[in-house]
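Engineer: Let's see this in three dimensions:
(chains A, B, C and D)
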Protein chains: 2
Amino acid sequence: MSKTRNSKNRSLVIDIIKKAEQPISAENIFNSINSIKKVNLSTIYRILNSLTNQNVVIKQLKQDGIHYYEINDNTHKHNLICDRCHKTIKIENCPLKEFENSIKQKINFDITSHIIEFHGICKNCQK
Amino acid sequence: MSKTRNSKNRSLVIDIIKKAEQPISAENIFNSINSIKKVNLSTIYRILNSLTNQNVVIKQLKQDGIHYYEINDNTHKHNLICDRCHKTIKIENCPLKEFENSIKQKINFDITSHIIEFHGICKNCQK
DNA sequence: TCCTTTAATGCAAATCGTTTGCATTAAGAT
DNA sequence: ATCTTAATGCAAACGATTTGCATTAAAGGA
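Structural biologist: Residues are numbered from 1 along each chain as shown, chains lettered A, B, ... in the order given. Here you go, the predicted model:
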(Lines give C-alpha, C1' and ligand atoms only; values in the text may rest on other atoms or scores of the structure.)
Protein backbone atom coordinates (compact mmCIF):
# COMPACT_ATOMS: atom_id res chain seq x y z
CA MET A 1 0.00 0.00 0.00
CA SER A 2 1.32 3.41 -0.88
CA LYS A 3 0.94 6.18 1.64
CA THR A 4 -1.66 8.88 1.03
CA ARG A 5 -0.14 12.34 1.07
CA ASN A 6 -1.88 15.19 2.76
CA SER A 7 -2.33 17.37 -0.27
CA LYS A 8 -4.07 20.72 -0.11
CA ASN A 9 -6.74 19.57 -2.50
CA ARG A 10 -7.45 16.53 -0.43
CA SER A 11 -8.08 18.51 2.74
CA LEU A 12 -10.04 21.09 0.81
CA VAL A 13 -12.34 18.37 -0.49
CA ILE A 14 -12.87 16.99 3.00
CA ASP A 15 -13.62 20.47 4.34
CA ILE A 16 -16.16 21.14 1.63
CA ILE A 17 -17.94 17.85 2.17
CA LYS A 18 -18.07 18.55 5.90
CA LYS A 19 -19.42 22.03 5.44
CA ALA A 20 -22.02 20.87 2.95
CA GLU A 21 -23.97 18.89 5.56
CA GLN A 22 -25.73 17.26 2.66
CA PRO A 23 -24.54 14.61 0.28
CA ILE A 24 -22.67 16.57 -2.36
CA SER A 25 -21.63 15.75 -5.92
CA ALA A 26 -18.19 15.82 -7.51
CA GLU A 27 -19.20 18.72 -9.71
CA ASN A 28 -20.42 20.70 -6.71
CA ILE A 29 -17.15 20.15 -4.92
CA PHE A 30 -15.30 21.07 -8.09
CA ASN A 31 -17.17 24.36 -8.32
CA SER A 32 -16.59 25.15 -4.67
CA ILE A 33 -12.87 24.62 -4.93
CA ASN A 34 -12.62 26.40 -8.26
CA SER A 35 -14.00 29.57 -6.71
CA ILE A 36 -10.85 29.59 -4.57
CA LYS A 37 -8.16 28.06 -6.75
CA LYS A 38 -7.89 26.19 -10.05
CA VAL A 39 -8.27 22.42 -9.92
CA ASN A 40 -9.01 19.79 -12.46
CA LEU A 41 -12.20 17.76 -12.27
CA SER A 42 -10.32 14.51 -12.63
CA THR A 43 -8.31 15.42 -9.57
CA ILE A 44 -11.51 15.78 -7.62
CA TYR A 45 -12.67 12.39 -8.81
CA ARG A 46 -9.38 10.81 -7.85
CA ILE A 47 -9.50 12.33 -4.39
CA LEU A 48 -13.08 11.24 -3.92
CA ASN A 49 -12.34 7.68 -4.94
CA SER A 50 -9.41 7.58 -2.58
CA LEU A 51 -11.52 8.95 0.28
CA THR A 52 -14.22 6.40 -0.51
CA ASN A 53 -11.79 3.49 -0.49
CA GLN A 54 -10.40 4.63 2.82
CA ASN A 55 -13.92 4.91 4.25
CA VAL A 56 -13.46 8.59 4.99
CA VAL A 57 -16.52 9.33 2.91
CA ILE A 58 -19.54 7.36 1.77
CA LYS A 59 -20.49 7.39 -1.88
CA GLN A 60 -24.01 6.80 -3.11
CA LEU A 61 -25.37 6.69 -6.63
CA LYS A 62 -28.80 8.31 -6.63
CA GLN A 63 -31.61 7.83 -9.09
CA ASP A 64 -30.59 11.00 -10.93
CA GLY A 65 -27.46 9.16 -12.07
CA ILE A 66 -25.04 11.22 -10.02
CA HIS A 67 -22.77 10.09 -7.21
CA TYR A 68 -23.09 11.95 -3.93
CA TYR A 69 -20.52 11.98 -1.16
CA GLU A 70 -20.84 12.55 2.55
CA ILE A 71 -18.53 12.21 5.53
CA ASN A 72 -18.52 8.75 7.04
CA ASP A 73 -19.10 9.29 10.74
CA ASN A 74 -19.69 5.57 11.21
CA THR A 75 -23.27 6.07 12.21
CA HIS A 76 -25.87 4.59 9.95
CA LYS A 77 -28.11 7.36 8.68
CA HIS A 78 -30.56 8.03 5.89
CA ASN A 79 -31.68 11.08 4.02
CA LEU A 80 -35.00 12.49 2.95
CA ILE A 81 -34.79 14.29 -0.38
CA CYS A 82 -37.32 17.04 -0.98
CA ASP A 83 -38.38 16.94 -4.63
CA ARG A 84 -39.40 20.57 -4.54
CA CYS A 85 -36.49 22.44 -2.93
CA HIS A 86 -34.00 19.57 -3.40
CA LYS A 87 -32.73 19.91 0.15
CA THR A 88 -31.77 16.81 2.06
CA ILE A 89 -32.84 16.10 5.61
CA LYS A 90 -30.84 13.71 7.73
CA ILE A 91 -32.65 11.15 9.84
CA GLU A 92 -30.76 9.46 12.61
CA ASN A 93 -32.51 6.22 13.28
CA CYS A 94 -32.62 3.57 10.62
CA PRO A 95 -35.99 1.85 10.44
CA LEU A 96 -34.68 -1.39 9.00
CA LYS A 97 -32.78 -3.10 11.80
CA GLU A 98 -35.69 -5.23 13.02
CA PHE A 99 -36.74 -5.93 9.48
CA GLU A 100 -33.32 -7.27 8.59
CA ASN A 101 -33.43 -9.54 11.61
CA SER A 102 -36.82 -10.89 10.67
CA ILE A 103 -35.66 -11.58 7.12
CA LYS A 104 -32.69 -13.47 8.51
CA GLN A 105 -35.06 -15.62 10.57
CA LYS A 106 -37.71 -16.12 7.92
CA ILE A 107 -35.72 -16.90 4.79
CA ASN A 108 -32.15 -16.93 6.09
CA PHE A 109 -30.98 -14.15 3.80
CA ASP A 110 -28.15 -12.28 5.44
CA ILE A 111 -28.52 -8.60 4.65
CA THR A 112 -25.14 -6.90 4.91
CA SER A 113 -26.00 -3.44 3.63
CA HIS A 114 -28.82 -1.36 2.31
CA ILE A 115 -29.20 1.92 0.54
CA ILE A 116 -32.39 3.90 0.62
CA GLU A 117 -33.51 6.90 -1.32
CA PHE A 118 -36.52 8.62 0.22
CA HIS A 119 -38.28 11.22 -1.88
CA GLY A 120 -41.05 13.53 -0.83
CA ILE A 121 -42.02 17.06 0.10
CA CYS A 122 -40.54 18.76 3.13
CA LYS A 123 -42.43 20.70 5.75
CA ASN A 124 -41.63 24.08 4.25
CA CYS A 125 -42.55 23.16 0.70
CA GLN A 126 -45.92 21.77 1.73
CA LYS A 127 -47.20 25.29 2.39
CA MET B 1 -50.77 12.12 -26.88
CA SER B 2 -49.83 9.87 -29.74
CA LYS B 3 -51.07 6.32 -29.63
CA THR B 4 -48.59 3.56 -28.82
CA ARG B 5 -48.55 0.89 -31.50
CA ASN B 6 -48.42 -2.73 -30.59
CA SER B 7 -45.12 -3.52 -32.25
CA LYS B 8 -43.56 -6.96 -32.13
CA ASN B 9 -40.51 -5.65 -30.34
CA ARG B 10 -42.62 -3.99 -27.74
CA SER B 11 -44.46 -7.17 -26.84
CA LEU B 12 -41.24 -9.16 -26.99
CA VAL B 13 -39.68 -6.81 -24.46
CA ILE B 14 -42.65 -7.17 -22.15
CA ASP B 15 -42.53 -10.95 -22.44
CA ILE B 16 -38.85 -11.07 -21.64
CA ILE B 17 -39.22 -8.85 -18.59
CA LYS B 18 -42.09 -11.01 -17.37
CA LYS B 19 -40.18 -14.23 -17.86
CA ALA B 20 -37.09 -12.84 -16.15
CA GLU B 21 -38.77 -12.67 -12.74
CA GLN B 22 -35.88 -10.50 -11.69
CA PRO B 23 -35.13 -6.89 -12.49
CA ILE B 24 -33.38 -7.06 -15.84
CA SER B 25 -31.14 -4.64 -17.71
CA ALA B 26 -31.53 -3.20 -21.21
CA GLU B 27 -28.50 -5.11 -22.39
CA ASN B 28 -29.90 -8.37 -21.06
CA ILE B 29 -33.15 -7.78 -22.87
CA PHE B 30 -31.22 -6.84 -25.98
CA ASN B 31 -29.29 -10.11 -25.89
CA SER B 32 -32.43 -12.14 -25.31
CA ILE B 33 -34.19 -10.62 -28.29
CA ASN B 34 -31.12 -10.77 -30.48
CA SER B 35 -30.97 -14.53 -30.07
CA ILE B 36 -34.30 -14.62 -31.88
CA LYS B 37 -34.20 -11.71 -34.29
CA LYS B 38 -32.04 -8.68 -34.99
CA VAL B 39 -32.87 -5.52 -33.07
CA ASN B 40 -31.03 -2.34 -32.32
CA LEU B 41 -30.07 -1.44 -28.76
CA SER B 42 -31.51 2.04 -29.12
CA THR B 43 -34.85 0.50 -30.01
CA ILE B 44 -34.78 -1.43 -26.76
CA TYR B 45 -34.04 1.74 -24.83
CA ARG B 46 -36.86 3.58 -26.55
CA ILE B 47 -39.32 0.80 -25.78
CA LEU B 48 -38.17 0.65 -22.18
CA ASN B 49 -38.57 4.37 -21.72
CA SER B 50 -42.01 4.24 -23.23
CA LEU B 51 -43.01 1.34 -20.96
CA THR B 52 -41.63 3.21 -17.97
CA ASN B 53 -43.56 6.37 -18.77
CA GLN B 54 -46.73 4.36 -19.15
CA ASN B 55 -46.11 2.67 -15.81
CA VAL B 56 -46.05 -0.74 -17.43
CA VAL B 57 -42.61 -1.31 -15.98
CA ILE B 58 -40.64 0.12 -13.09
CA LYS B 59 -37.11 1.34 -13.68
CA GLN B 60 -34.49 1.47 -10.99
CA LEU B 61 -30.90 2.66 -11.14
CA LYS B 62 -28.81 0.39 -8.95
CA GLN B 63 -25.46 1.12 -7.36
CA ASP B 64 -23.67 -0.67 -10.21
CA GLY B 65 -24.73 2.20 -12.47
CA ILE B 66 -27.14 0.16 -14.57
CA HIS B 67 -30.89 0.59 -14.92
CA TYR B 68 -33.00 -2.49 -14.19
CA TYR B 69 -36.56 -3.00 -15.29
CA GLU B 70 -39.37 -5.09 -13.86
CA ILE B 71 -43.07 -5.42 -14.51
CA ASN B 72 -45.20 -2.99 -12.53
CA ASP B 73 -47.86 -5.10 -10.90
CA ASN B 74 -48.86 -2.18 -8.69
CA THR B 75 -47.81 -3.91 -5.54
CA HIS B 76 -45.01 -2.32 -3.62
CA LYS B 77 -42.15 -4.78 -3.36
CA HIS B 78 -38.44 -4.85 -2.64
CA ASN B 79 -35.58 -7.04 -3.67
CA LEU B 80 -32.71 -8.66 -1.86
CA ILE B 81 -29.61 -8.85 -4.02
CA CYS B 82 -27.19 -11.66 -3.25
CA ASP B 83 -23.65 -10.36 -3.69
CA ARG B 84 -22.32 -13.84 -4.28
CA CYS B 85 -24.65 -15.44 -6.87
CA HIS B 86 -26.20 -12.11 -7.97
CA LYS B 87 -29.70 -13.51 -7.82
CA THR B 88 -32.52 -11.32 -6.65
CA ILE B 89 -35.12 -12.40 -4.14
CA LYS B 90 -38.44 -10.64 -4.03
CA ILE B 91 -39.95 -9.70 -0.69
CA GLU B 92 -43.61 -8.88 -0.54
CA ASN B 93 -44.08 -6.70 2.48
CA CYS B 94 -42.46 -3.32 2.64
CA PRO B 95 -41.06 -2.56 6.08
CA LEU B 96 -41.29 1.19 5.74
CA LYS B 97 -44.98 2.02 5.90
CA GLU B 98 -45.09 2.71 9.63
CA PHE B 99 -41.80 4.50 9.47
CA GLU B 100 -43.08 6.88 6.82
CA ASN B 101 -46.11 7.64 8.95
CA SER B 102 -43.97 8.37 11.99
CA ILE B 103 -41.76 10.71 9.96
CA LYS B 104 -44.85 12.54 8.77
CA GLN B 105 -45.91 13.02 12.38
CA LYS B 106 -42.53 13.88 13.81
CA ILE B 107 -41.11 16.32 11.28
CA ASN B 108 -43.96 16.70 8.79
CA PHE B 109 -41.94 15.46 5.84
CA ASP B 110 -44.26 13.84 3.33
CA ILE B 111 -42.50 10.82 1.86
CA THR B 112 -43.96 10.05 -1.55
CA SER B 113 -41.62 7.30 -2.69
CA HIS B 114 -38.61 5.31 -1.67
CA ILE B 115 -36.15 3.03 -3.35
CA ILE B 116 -34.15 0.47 -1.44
CA GLU B 117 -31.24 -1.66 -2.46
CA PHE B 118 -30.63 -4.53 -0.06
CA HIS B 119 -27.37 -6.41 -0.44
CA GLY B 120 -26.32 -9.55 1.32
CA ILE B 121 -25.77 -13.28 1.07
CA CYS B 122 -28.61 -15.64 0.29
CA LYS B 123 -29.39 -18.87 2.05
CA ASN B 124 -27.71 -21.04 -0.55
CA CYS B 125 -24.51 -19.03 -0.73
CA GLN B 126 -24.04 -19.06 3.04
CA LYS B 127 -23.08 -22.72 2.95
C1' DT C 1 -57.94 -3.82 -50.51
C1' DC C 2 -55.03 0.05 -51.16
C1' DC C 3 -53.69 4.80 -49.13
C1' DT C 4 -52.37 7.74 -45.89
C1' DT C 5 -50.62 9.02 -41.54
C1' DT C 6 -47.32 8.76 -38.16
C1' DA C 7 -45.29 5.59 -34.63
C1' DA C 8 -41.42 2.40 -34.60
C1' DT C 9 -36.91 1.27 -36.15
C1' DG C 10 -31.82 1.20 -37.65
C1' DC C 11 -27.75 3.50 -37.77
C1' DA C 12 -24.35 6.68 -36.48
C1' DA C 13 -23.17 10.27 -33.78
C1' DA C 14 -23.80 12.73 -29.47
C1' DT C 15 -24.34 12.96 -24.56
C1' DC C 16 -22.91 12.95 -19.67
C1' DG C 17 -20.73 11.45 -15.57
C1' DT C 18 -16.66 9.29 -14.66
C1' DT C 19 -12.04 7.13 -15.55
C1' DT C 20 -7.41 6.64 -17.48
C1' DG C 21 -2.62 7.31 -19.66
C1' DC C 22 1.07 10.04 -19.57
C1' DA C 23 4.04 13.73 -18.69
C1' DT C 24 4.87 17.10 -14.93
C1' DT C 25 4.83 18.79 -10.15
C1' DA C 26 5.30 18.62 -5.38
C1' DA C 27 4.94 16.05 -0.58
C1' DG C 28 7.64 14.32 2.83
C1' DA C 29 11.14 10.89 4.18
C1' DT C 30 16.31 10.37 4.12
C1' DA D 1 18.97 19.49 -0.32
C1' DT D 2 17.90 15.40 -2.60
C1' DC D 3 15.24 11.52 -3.90
C1' DT D 4 11.23 8.78 -4.34
C1' DT D 5 6.74 8.45 -5.64
C1' DA D 6 2.01 10.28 -4.74
C1' DA D 7 -0.76 14.05 -6.63
C1' DT D 8 -2.01 16.79 -10.49
C1' DG D 9 -3.33 18.71 -15.27
C1' DC D 10 -4.67 17.75 -19.65
C1' DA D 11 -6.66 15.30 -23.26
C1' DA D 12 -8.52 11.30 -24.64
C1' DA D 13 -11.27 7.19 -23.53
C1' DC D 14 -14.99 5.05 -21.28
C1' DG D 15 -19.81 2.86 -20.84
C1' DA D 16 -24.61 3.38 -20.41
C1' DT D 17 -28.03 5.88 -22.46
C1' DT D 18 -30.05 9.33 -25.75
C1' DT D 19 -30.84 11.67 -30.08
C1' DG D 20 -31.27 13.20 -35.15
C1' DC D 21 -32.53 11.69 -39.30
C1' DA D 22 -33.82 8.82 -42.94
C1' DT D 23 -36.53 4.52 -43.62
C1' DT D 24 -40.05 1.05 -42.49
C1' DA D 25 -44.28 -0.62 -41.03
C1' DA D 26 -48.71 -0.43 -37.98
C1' DA D 27 -53.50 0.78 -38.00
C1' DG D 28 -57.45 3.52 -39.39
C1' DG D 29 -60.14 5.30 -43.28
C1' DA D 30 -61.40 5.48 -48.30
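Engineer: contacts, neighbours, all on C-alpha from now
Structural biologist: Noted.
Engineer: Let's test this: what are the backbone torsions at A:T4?
Structural biologist: Main-chain dihedrals, A:T4, degrees, to the nearest 10: phi -80, psi 130.
Engineer: The one 5 residues further on too?
Structural biologist: Taking degrees, to the nearest 10, you get phi -60, psi -40 for the backbone angles of A:N9.
Engineer: Look up how far A:N55 lies from A:K77.
Structural biologist: Distance of A:K77 to A:N55, given as C-alpha to C-alpha, to the nearest Å: 15 Å.
Engineer: for A:N74, same thing?
Structural biologist: Counting by C-alpha to C-alpha - A:N74 and A:N55 are separated by 9 Å.
Engineer: same deal with A:D110?
Structural biologist: Distance from A:D110 to A:N55, by C-alpha to C-alpha: 22 Å.
Engineer: For the two, indicate the residue with more neighbours.
Structural biologist: A:D110 (21 against 14; other C-alpha atoms under 10 Å in any protein chain shown).
Engineer: Okay, and the beta partners of that one?
Structural biologist: B:I121 (DSSP bridges).
Engineer: Contact partners for it?
Structural biologist: A:E100, A:I103, A:K104, B:G120, B:I121, B:C122, B:K123 (C-alpha atoms under 8 Å, 6 or more residues apart in numbering or on different chains).
Engineer: Next one, pLDDT for A:E100 please.
Structural biologist: Here the pLDDT value assigned to A:E100 is 95.
Engineer: Which strands or helices does whichever helix or strand it is part of pack on?
Structural biologist: A:E100 is part of helix A:97-107, with elements assigned from DSSP states H and E. If contacts are counted by 3 or more C-alpha pairs under 8 Å, 6 or more residues apart in numbering or on different chains; DSSP states H and E, helix A:97-107 sits against strand A:110-121.
Engineer: List the buried residues of the strand it packs on.
Structural biologist: A:D110, A:I111, A:I115, A:I116, A:E117, A:F118, A:H119, A:G120, A:I121 (16 or more other C-alpha atoms under 10 Å in any protein chain shown).
Engineer: And for stretch A:77-90?
Structural biologist: For stretch A:77-90, by 16+ other C-alpha under 10 Å, it's A:H78, A:N79, A:L80, A:I81, A:C82, A:D83, A:T88, A:I89.
Engineer: does any bit of the host helix or strand of A:I33 sit next to DNA strand C?
Structural biologist: Using DSSP H and E, A:I33 maps to helix A:26-34. Yes - judged by C-alpha under 7 Å from any atom of the strand, helix A:26-34 comes into contact with DNA strand C at A:A26, A:E27.
Engineer: need the next SSE after that helix, C-terminal direction.
Structural biologist: helix A:41-53.
Engineer: so that following helix versus helix A:26-34, what angle?
Structural biologist: Interaxial angle, helix A:41-53 versus helix A:26-34 (axes from the mean of the first three to the mean of the last three C-alpha atoms, to 10 degrees): 110 degrees.
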